[in-house]
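> take a look and give me a structure for this.
(one chain, ligands or ions: 2)
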Amino acid sequence: MMFSKRIACIGAGYVGGPTMAVIAMKCPQYKVTVVDISEARIKAWQTDNLPIFEPGLLDVVKAARGRNLFFSTDIDAAIRESEVIFVSVNTPTKTFGEGAGKAADLQYWEKVAREIVRESRSPKIVVEKSTLPVKTAQTMENILNANDRKIHFEVISNPEFLAEGTAVQDLLEPDRVLIGSHETESGLRARQEIVDIYAKWVPRDRILTSNVWSAELSKLVANAFLAQRISSINSISALCEKTDANILEVARAVGMDSRIGNRFLNASVGFGGSCFKKDILNLVYICESYGLHEVAQYWESVLEMNEFQETRFVRAMIREMFNTIVGKRIALFGFAFKANTSDTRESPAIYIAKKLSREQARVVISDPKALDNARIDLAELEGITYQEDPYQAAVGAHAVAIMTEWDLYRTLEWEKIFDVMEKPAFLFDGRNIVDHERLFKIGFNVYPLGRPPLKHF
Ligand code: NAD
Ligand code: UGA
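Ligands and ions are numbered 1, 2, ... in the order given. Okay, here's the model as predicted:
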């Protein structure tokens, strides 16, 4: 089959895999090859046991795999044959040297750029899909265009806004697609090529174009704003607990103001995920490097509030269970950083499990999808047990703490759970997803977030 365009994507992770699968499904005239250095990941993409759990993803992959969607470890070949190269490798927080703990670690990016230069024999459009510090495109161009073959590379910023758990839906019907380029003749031509790809299924008025710096920065800012909303509502949840106000009622009243909006106002044990923390740290680092210390502090406080929320949650657990949890079995319901994903990166449950374990509790982790990752995250701790079935996890437990808002927990037979637990039985709801009054009536001592506890003593 003759393809009208060949697209490569370097990085077959949570972003590269789903994004390319959707492009391939929607654009059968393009050949889409997703490559990665991880053989295991690529192998898994070639089977029905995909390397990531994402609702609806397998159907999308199956619709295009082998037709115009390919997964491979031959990175060089994919670079050589493609006119457009998306790069969606990981950009974690730097753990060493200058900027450690804040700046983005761009080593994977730079490596890819050098590989593209080495293998290319014709002009390419290189698309930044990873989340990157503003001005990265400049560095990329310096590396890419320093080739002695005089090949022209055009760098485009096309940040990804999908959320895990709803990735397929977010890709099929995005709020917007953002495409930033230089406003030169070749930049605008490359921008149009990327617009044309998305225009195959995204309404034209949802495809935004901008200069390349605005696109890079908008991604960091979008994540910072989203995280800020969670920290804002979480900060108020602490105040509600002191004042007999109810965070659900406050969130509703505030969110019905159309200027504020009602989404992303769920108080929680804290936000997790691979990106909010790293992207805010990155934003903070960038602000500091431009001497904008007040701006840096402002955004850093979003992270401080998140840590406060995690800490006060676990402290309340210990305090309410008579200030000692030594030897007590505590079941964590949920370990994924949010529902409908197996991803546990930066999950608040990691922090909570470690803290409880250090207090010598007997922690049992339950989750429908994330137990494999939980085992890796908690490998250093002894005495943690893993039990997928929540009913089994609750047997002999002094407390259940809900960490992830899986639907499954909303519909459990809580009477059954109460019956098999030690008494007094404690329920700490880190997501406010169960019917607190009903559980109180069953006999639990219930600790919601952002409203006073319901206790039998
Ligand atoms: P990930 O860790 O799941 O995937 C990255 C992949 O890149 C890995 O499979 C890794 O093996 C591969 N890789 C690294 N170096 C490579 C190289 N030199 N050659 C080939 N492959 C290489 O990461 P992710 O969650 O997909 O995130 C990727 C980027 O997208 C990050 O910048 C992230 O901030 C951003 N992002 C993530 C999400 C999300 O929901 N996870 C959403 C939007 C944006
Ligand atoms: C987030 C953004 O929503 C995406 O737009 C972005 O592309 C992505 O980060 C990224 O750059 O990686 P994601 O982290 O997958 O997506 O999931 P979210 O739905 O944003 O949830 C993040 C965390 O906030 C989760 O722990 C979630 O439980 C928590 N959360 C979310 C709350 O505590 N309260 C809320 O009201 C919403």
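
> with just CA atoms, put stretch 53-60 into PDB.
Written as PDB, here are the backbone C-alpha positions of stretch 53-60 (Å, rounded to 0.1, in the frame of the first residue of the first chain):
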ATOM      1  CA  PHE A  53      -4.300   0.000  30.700                       C
ATOM      2  CA  GLU A  54      -6.500   2.600  29.100                       C
ATOM      3  CA  PRO A  55     -10.200   2.100  28.500                       C
ATOM      4  CA  GLY A  56     -11.100   1.700  24.800                       C
ATOM      5  CA  LEU A  57      -7.400   1.700  23.700                       C
ATOM      6  CA  LEU A  58      -7.200  -1.900  22.600                       C
ATOM      7  CA  ASP A  59     -10.000  -1.400  20.100                       C
ATOM      8  CA  VAL A  60      -8.300   1.600  18.600                       C
END
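
> any figure for the gap between the residue in the stretch 151-300 of the chain that ligand 1 sits nearest to and residue 369?
Residue of the stretch 151-300 of the chain nearest ligand 1, by C-beta to the nearest ligand atom: residue 160 (4.1 Å). Yep, even glycine has a C-beta here, placed from its N, CA and C like the rest. With distances taken as C-beta to C-beta, to the nearest Å, residue 160 is found 22 Å from residue 369.

> re the thing from before, what's the closest non-adjacent residue to the residue of the stretch 151-300 of the chain closest to ligand 1?
residue 15 (5.0 Å; C-beta to C-beta, 6 or more residues apart in numbering).

> got the residues of the stretch 301-450 of the chain near ligand 2?
Residues of the stretch 301-450 of the chain lying close to ligand 2 by C-beta under 6 Å from any ligand atom are 337-338.

> mind listing the strands for the stretch 301-450 of the chain?
Here the stretch 301-450 of the chain has its strands, by DSSP state E, counting those that start in this stretch, at 329-333, 362-366, 385-386, 399-402, 426-429, 445-447.

> next: the stretch 51-200 of the chain.
Under the criterion DSSP E, counting those that start in this stretch, the stretch 51-200 of the chain contains strands at 69-72, 84-87, 124-128, 153-157, 177-181.

> got these as TSV, with mean pLDDT, mean neighbour count and distance to ligand 2 columns?
Formatted as TSV, these follow (pLDDT from 0 to 100; neighbours: other C-beta atoms under 10 Å; distance: least, C-beta to the nearest ligand atom, whole Å):
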stretch	mean pLDDT	mean neighbour count	distance to ligand 2
strand 69-72	98	22	22
strand 84-87	98	24	15
strand 124-128	97	24	13
strand 153-157	96	25	14
strand 177-181	98	24	11
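
> reformat those strands as a markdown table; add distance to ligand 1.
Shown next, in a markdown table, are the strands of the stretch 51-200 of the chain (distance: least, C-beta to the nearest ligand atom, whole Å):
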| stretch | distance to ligand 1 |
| --- | --- |
| strand 69-72 | 11 |
| strand 84-87 | 9 |
| strand 124-128 | 9 |
| strand 153-157 | 12 |
| strand 177-181 | 12 |
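
> would you turn those into CSV with distance to residue 431?
Compiled in CSV, those are given as follows (distance: least, C-beta to C-beta, whole Å):
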stretch, distance to residue 431
strand 69-72, 35
strand 84-87, 34
strand 124-128, 34
strand 153-157, 34
strand 177-181, 31
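
> in the stretch 351-457 of the chain, which residue sits closest to ligand 1?
Counting by C-beta to the nearest ligand atom, the stretch 351-457 of the chain gets nearest to ligand 1 through residue 373 (12.0 Å).

> and for that residue, nearest residue in space, chain neighbours not counted?
In this structure, residue 373 finds its nearest non-sequential neighbour in residue 344, 4.1 Å apart by C-beta to C-beta, 6+ apart.

> neighbours of that neighbour, how many?
By other C-beta atoms under 10 Å, 27 other residues sit near residue 344.

> show me the contacts for it.
272, 335-337, 350, 370, 373-374, 377 (C-beta atoms under 8 Å, 6 or more residues apart in numbering).

> and the protein, split by domain according to the record?
By the assignment in automatic domain parsing, the chain contains the domains 5-202, 211-457.

> quick one: terminal-to-terminal distance for the last one?
Read it as domain 211-457. End-to-end span of domain 211-457 (C-alpha to C-alpha, to the nearest Å): 61 Å.

> next one: stretch 325-335
Per C-alpha to C-alpha, the first residue of stretch 325-335 is 20 Å away from its last.

> chain center to that stretch, what's the gap?
The chain centre lies 25 Å from the centre of stretch 325-335; the measure is C-alpha atoms, centre = their mean, to the nearest Å.

> what does this structure have sitting close to ligand 1?
10-16, 36-38, 41, 75, 88-91, 108, 111-112, 130-131, 160, 162, 164, 274-275.

> so which of those residues sit within helices?
In helices, defined here by DSSP state H, the members of these are 16, 41, 75, 108, 111-112.

> between these, which is nearest ligand 2?
residue 16 (12.7 Å).

> pLDDT at the closest one, what is it?
On pLDDT, residue 16 comes in at 98.

> contacting residues for the closest residue to residue 454 other than its chain neighbours?
Of all residues not flanking residue 454 in the chain, residue 440 sits nearest, at 3.9 Å (C-beta to C-beta, 6+ apart). Residue 440 is in contact with 446, 454, 456, counting by C-beta under 8 Å, 6+ apart.

> the second one: how many residues sit nearby?
This means residue 454. If we define neighbours as other C-beta under 10 Å, then residue 454 has 16 of them.

> for the first one, same thing?
By the other C-beta under 10 Å criterion, the neighbourhood of residue 446 contains 24 residues.

> thought it was touching residue 424?
No. The criterion here is C-beta atoms under 8 Å, and residue 446 misses it with residue 424 at 11.3 Å.

> tell me which parts of the stretch 1-150 of the chain are close to ligand 2?
Within the stretch 1-150 of the chain, the positions near ligand 2 by C-beta under 6 Å from any ligand atom are residue 131.

> taking the stretch 1-150 of the chain, what residue is nearest to ligand 1?
residue 13 (1.9 Å).

> quick check on that residue: phi, psi?
Residue 13 has phi and psi values of phi -100, psi -150 when expressed as degrees, to the nearest 10.

> residue 41 is in contact with that one, correct?
Yes. Assessed by C-beta under 8 Å, residue 13 is found in contact with residue 41 at 7.4 Å.
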